[in-house]
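Fold the following.
(2 chains)
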Amino acid sequence: MSDISELPVTTVKIAGPLSIYNVFEHKHRLLDDLKRSAVLELDLGEVDEFDSAGFQLLMLLKRESLQGARGLRLVALSECVRQMLDFYRMSAFLGDVSKQPA
Amino acid sequence: MNELEELRQVFSHESREQLGELESGLLRIEQGAFDSDTINAIFRAAHTIKGAAGVLDFVAIERFTHILENLLDALRNGDIAVSAPLVSALLAACDHLAALLGAVENGKEIDGALEAAGEFLATRLAALIPSPSLPLAAEPGAGLVLADCWRIEVAFGRDVLRKGMDPSSFLRFLETLGEIAGLECRLEGLPPAVEMDPESCYLDFAVDLRSAADKLRIEQVFDFVRDDCELTILPPGSRVPDFIRQIDELPEESLRLGEILVRSEALTPDELASGLACQSAIAERATTPPIGEILVERKLVQPALVEAAAAKQKAVAERKAQEARLIRVQADKLDALIDLVGELVIAGASANLVAQNCGQPVVLEATSVVSRLVDHIRDAALQLRMVQIGETFNRYQRVVRDVAIELGKDIELLTHGGDTELDKTVVEKIGDPLMHLVRNAVDHGIESAEERRRLGKPARGRIELNACHDAGSIVIEVLDDGAGLNRQRILAKAIERGIVAAGQNLSDQEICNLIFEPGFSTAAQVTKLSGRGVGMDVVRKNIQALRGSIELSSLEGQGSRFAIRLPLTLAIIDGFLVSVADSAYVIPIETVVECLELGDVGENRHFLNLRGEVLPFVRLRDMFEISGSAPERENVVVVTTAHGKAGIVVDQLHGEFQTVIKPLASLFRHLRGIGGSTILGSGEVALILDIPTLIARCAQPEVSCTPGEVLESCV
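Next up, the predicted model:
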């Protein structure tokens, strides 16, 4: 097992839809990215379609991050993502740091 | 013991329970259960410990728990997010609290090292609390009662997303009927990552809706998804009769009034907390008002509901008073009682014998009545010592989690049969061997997640702990779905250490059992157990010392199974009495398969033909070097052990009987083949045979010394 402190902080940008139509493709890849990183930062600033399937995928990543002692941060949220996370009252849990001063 | 001592003991016992709750709650959160119930439960646990510590003036504990409480409060308010470092820090805090409790229990002062550790931890915890610089805007209508809200719980089915629907659209539609005062999203059904299908829906929700609509209207919101979800809609506080019915239907637990109201959902935890705070505030100035009064006064709950909750509380209390109450008893007083019961059993048997000899029916009847009562007392006394094994199992959850993280493996521990009861001593003594087996499964059994995926196994390894009763014994299993035992490696290591010769032909099971040989302990085991000298041979010895046995089966690539069999109690044995010349012996009944007469066998033969089966046998007369010649007809008792069946040749068979075991004096500790002694009704001593060692010795008569040799060397 590699030492977590030697793993990088990875930023992954997702543009376009993150929804039922493409969560399947994203799942495996994002889980891999998470495993290879000390912290995975998701830039969702240009996600133009977001639904509960996308939200669920984020929740899966969050749980995996907790159990694998990895970090997960959302560094940018587009409007549709923000609305759903706010509605589900899950911004804090998912580690939304997009509002913090740089 | 003076009062203060007693208070201290009660405090430590109850605080440990709360600490257990805290830990389990944290582990659940880590598994993804981020719901308000769990978070509130762990907050309450910390709060309870703090309160108790304050009452007893345990300043260090109170201060530390206060910091912990602040952090948990921030967590439950949503001021901080759940994260791996947070959970680890909180679990470390639990460990520190346990250490502080330990100091209290031993009556020691907190030493410098412990204090320093506490300071360090406190800093670490404080760092996780966000600074209150961001003003949190008060939510609109924050003072309003959630009791005026409908409580809607909906668990969406797996296919909801695939059918083109989205949970959020239904929930948003609720906003057309009123205002969503609270929304909680749960993902308890989310399977392990490898098995999770991103197109399936695992979402559950709990919504508090403030609305003037009636139940039907709310239900209609979910019309399109009605067949694909589980929906419950609870009416708000204004619907008192419904709540009263729910209070009635609560399970029979002793609860505080406020808790009853919270559980029936007439009141939320926050409201109860604010009510309690108000109560303590008033209590400082005047006499403490009852919580029900305060809740009604602050218009948090209707008076009728408080009455219903109070009535329920009283009913439960009365029923509980009628049921078993707990009493704290000192362990050595219990042991003394059991010893006395043992003596009673033996004396009773003696009296029975005398009665039988004298033959008078009146006497016989009287002694048989006494016998029956003695049996009941014996059973009742032994019951007192029974403890559930579940507590032991729960301890391993934390161990598995910690070691798995250390090794970078993903492992879950499942337990069944936690409510199986065993004798207290057995539970205490089986703890270490079991821990060793569980750690082995984590260290060597379960492969890493990548390896497992490569083999097509689910990434999450599984270890199971099962306990159940089986024909007068307890069976405890440790199973894992890991790599199983590597026969080649074991054989190679055994040859290397000279345990077996190079060319020997061993069966598969024999190879597996090699791990129990002394000298097999792998020195390469870099775990926290190194230095304790624990190997599988010690595990087996410990289990055999409890008159138990351990069996192992394993499939390479699929996993291993260790089955430990233990007697239900160490004090009493169900035995089969036999004799050779004037000496009496007891064979544990669970090992006996059948008895038969020994036919004509040659002098030096050690095998006989049992209906086509080859049965090795041993003559007790020879083994224990009893003088005199064998009678014409000898008998064979066929016993079964882990090594298979064997026969024990004796002179006479005397039948089944139950008796109390007396341990042998330490002088005789090295006797192989004898597991204790007992006193017969006639006053004679009978030796209890330790069947596994006896039979194993048959195979290697040269290795250990016979009882005759031991006695000789003692003289």
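
From here on, just use CA atoms for contacts and neighbour counts.
Noted.

Get me the contact residues on chain A for chain B.
A:1, A:20, A:23-24, A:27, A:51-53, A:56-57, A:60, A:63-71, A:84, A:88-90, A:92-95 (Cα under 8 Å from any Cα of the partner chain).

rerun at 6 Å
A:Met1, A:Phe24, A:Arg63, A:Leu66, A:Ala69, A:Ala92, A:Phe93 (Cα under 6 Å from any Cα of the partner chain).

phi, psi of the closest residue in space to the last one that isn't next to it in sequence?
Going back to what we said before, that points to A:Phe93. When the adjacent residues along the chain are set aside, A:Phe93 lies closest to B:Ala81, with 4.5 Å between them (Cα to Cα, 6 or more residues apart in numbering or on different chains). With angles defined as degrees, to the nearest 10, B:Ala81 sits at phi -90, psi 150.

how far away is B:Ala81 from B:Ile129?
Counting by Cα to Cα, to the nearest Å, the gap between B:Ala81 and B:Ile129 amounts to 10 Å.

B:Asp332 now?
Looking at B:Asp332 against B:Ile129, where the rule is Cα to Cα, the gap reads 47 Å.

Between these two, which is the more surrounded one?
Each of B:Asp332 and B:Ile129 has its neighbours counted (other Cα atoms under 10 Å in any protein chain shown); B:Ile129 has more, 18 against 9.

Is the closest residue to that one other than its chain neighbours within a helix or a strand, and which one?
The spatial neighbour of B:Ile129 that comes closest, neighbours along the chain excluded (Cα to Cα, 6+ apart), is B:Leu71 at 6.1 Å. With elements taken from DSSP states H and E, the one containing B:Leu71 is helix B:59-76.

relative to helix B:59-76, how tilted is the next helix or strand after that helix?
Heading C-terminal from helix B:59-76, the first helix or strand you meet, by DSSP H and E, is helix B:84-105. Computed with axes from the mean of the first three to the mean of the last three Cα atoms, to 10 degrees, the direction of helix B:84-105 lies at 160 degrees from that of helix B:59-76.

Among the residues of chain A next to chain B, which lie within helices?
When DSSP state H defines the helices, the subset of the residues of chain A next to chain B inside them is A:Phe24, A:Arg63, A:Leu66, A:Ala92, A:Phe93.

what's the burial count for the third one?
Each residue near A:Leu66 was counted by other Cα under 10 Å, and the total is 22.

And for the helix or strand harbouring B:Ala366, what's in contact with it?
Counting by DSSP H and E, the element that carries B:Ala366 is helix B:361-384. Helix B:361-384 is touched from outside by B:Asn352, B:Ala355, with contacts defined as Cα atoms under 6 Å, 6 or more residues apart in numbering or on different chains.

7 Å - rerun?
Around helix B:361-384, the neighbours that count as contacts under Cα atoms under 7 Å, 6 or more residues apart in numbering or on different chains are B:Ile338, B:Val341, B:Val345, B:Gly348, B:Ala351, B:Asn352, B:Ala355, B:Gln356.

Identify, from those, the entry nearest to B:Ile573.
Among those, B:Val345 lies closest to B:Ile573 (Cα to Cα), at 12.1 Å.

Compute the number of surrounding residues for residue 52.
You didn't say which chain, so I picked chain A. 23.

Hmm, no, I was thinking of chain B.
Neighbour count for B:Ala52, taken as other Cα under 10 Å: 17.

three-state assignment of it?
Secondary structure, DSSP: H, G, I helix; E, B strand; the rest coil: B:Ala52 is helix.

which residues does it contact?
B:Phe11.
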